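[1] requesting a structural model of the entry that follows:
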Amino acid sequence: AVDMRGHGKSAKQGRKDWSKRVRQKDKKLFNQLHKDVAAAVKFVRKRRIDRRNIILVGASVGCSAIIEYASTHDDFAAAILLSPGTQYFGIASLQHIPKWADRPLLMVAPADEVETGANQLYKVMGHHRRGIVLSVPQKKAHGTQMLGKVPRLEQRLIEWAKLRVVDAHRKVGSKKTTGP
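    Prediction:
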C-alpha cells in the first residue's frame, strides 16, 4: 500500500508537511498525485515484478490519480477503484478515462455515489468497455470505509484481481508483450 503525498505516512516528507495542503484541498497538489502512482509502479517494476502481476487499487481521490496515470501508461494489468469520482479536487477523471487502454477496471461504489461517479466514468470510457461497475447497497461508506462494512468485499476484490492476473498471463500466448 502506498500513501499518496499528504496522506498517512506520506503526510511529511523530510521538512515538507503536505498534510496542510491536503486539508486545504490544494488542487495543484492533487493534480500531482498521478506522479505518486508512477513512483509506486516504478518501485515495484524495479524489483522485476512483471506488469501482468500489478493491480492498482485506489480509493476516493486515489482513484482519480490512477485514472490519470493510466491515461498515459500501460505498465499494469488492471485496477480496482473504490468510490471513483468524476472531478476530485480538480483532477479531471472524465477527461482521462476515455484513454483507458485495453485493461480490466473494476469500479466499486456505494449506492448513494454510484450514479455521480462510477456510472458516469463507465459511460465515457468509450469503445474499450473493459470496465465493470459494482454498486453496493451500503450508503455513506466512501472509499476504504466500504471495507469491513460490505460483506465479503475484500474477498471478492482479491478474487477479481487474481482472475485478472491469470487473464493477463494467458494473453501472452496470443500477443507479444514488452518487458517482464
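[2] neighbours of the nearest residue to Asp3 once chain neighbours are set aside, how many?
    Ranked by Cβ to Cβ, 6 or more residues apart in numbering and with sequence neighbours excluded, the top spatial neighbour of Asp3 is Ser10, at 4.0 Å. Bear in mind the C-beta positions are built from the backbone N, C-alpha and C, glycine included. Number of residues near Ser10 (other Cβ atoms under 10 Å) recorded here: 15.
[3] go on, Val114?
    For Val114, the count of nearby residues is 20 (other Cβ under 10 Å).
[4] is it true that it lies in a helix?
    No - secondary structure of Val114 (DSSP: H, G, I helix; E, B strand; the rest coil): coil, not part of a helix.
[5] go ahead and confirm it touches Gln138.
    No - counting by Cβ atoms under 8 Å, Val114 does not reach Gln138; the two are 11.2 Å apart.
[6] before we move on, back to that, give me the phi and psi for the residue nearest to Asp3.
    phi -100, psi 10 (degrees, to the nearest 10).
[7] and what of Asn119?
    The phi/psi pair for Asn119 (degrees, to the nearest 10) is phi -70, psi -40.
[8] correct me if wrong: it contacts Ile132.
    No - using Cβ under 8 Å, Asn119 is not in contact with Ile132, being 11.5 Å away.
[9] now stretch 163-173 - C-alpha only, CSV.
    Taking C-alpha atoms only, stretch 163-173 is exported to CSV below (Å, rounded to 0.1, in the frame of the first residue of the first chain):
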residue,chain,number,x,y,z
LEU,A,163,-8.5,-13.7,-12.2
ARG,A,164,-7.2,-10.6,-13.9
VAL,A,165,-3.6,-11.7,-13.3
VAL,A,166,-4.4,-15.1,-14.7
ASP,A,167,-6.1,-13.5,-17.8
ALA,A,168,-3.1,-11.2,-18.3
HIS,A,169,-0.7,-14.2,-18.4
ARG,A,170,-3.0,-16.1,-20.8
LYS,A,171,-2.8,-13.2,-23.2
VAL,A,172,0.9,-13.6,-23.6
GLY,A,173,0.4,-16.6,-25.9
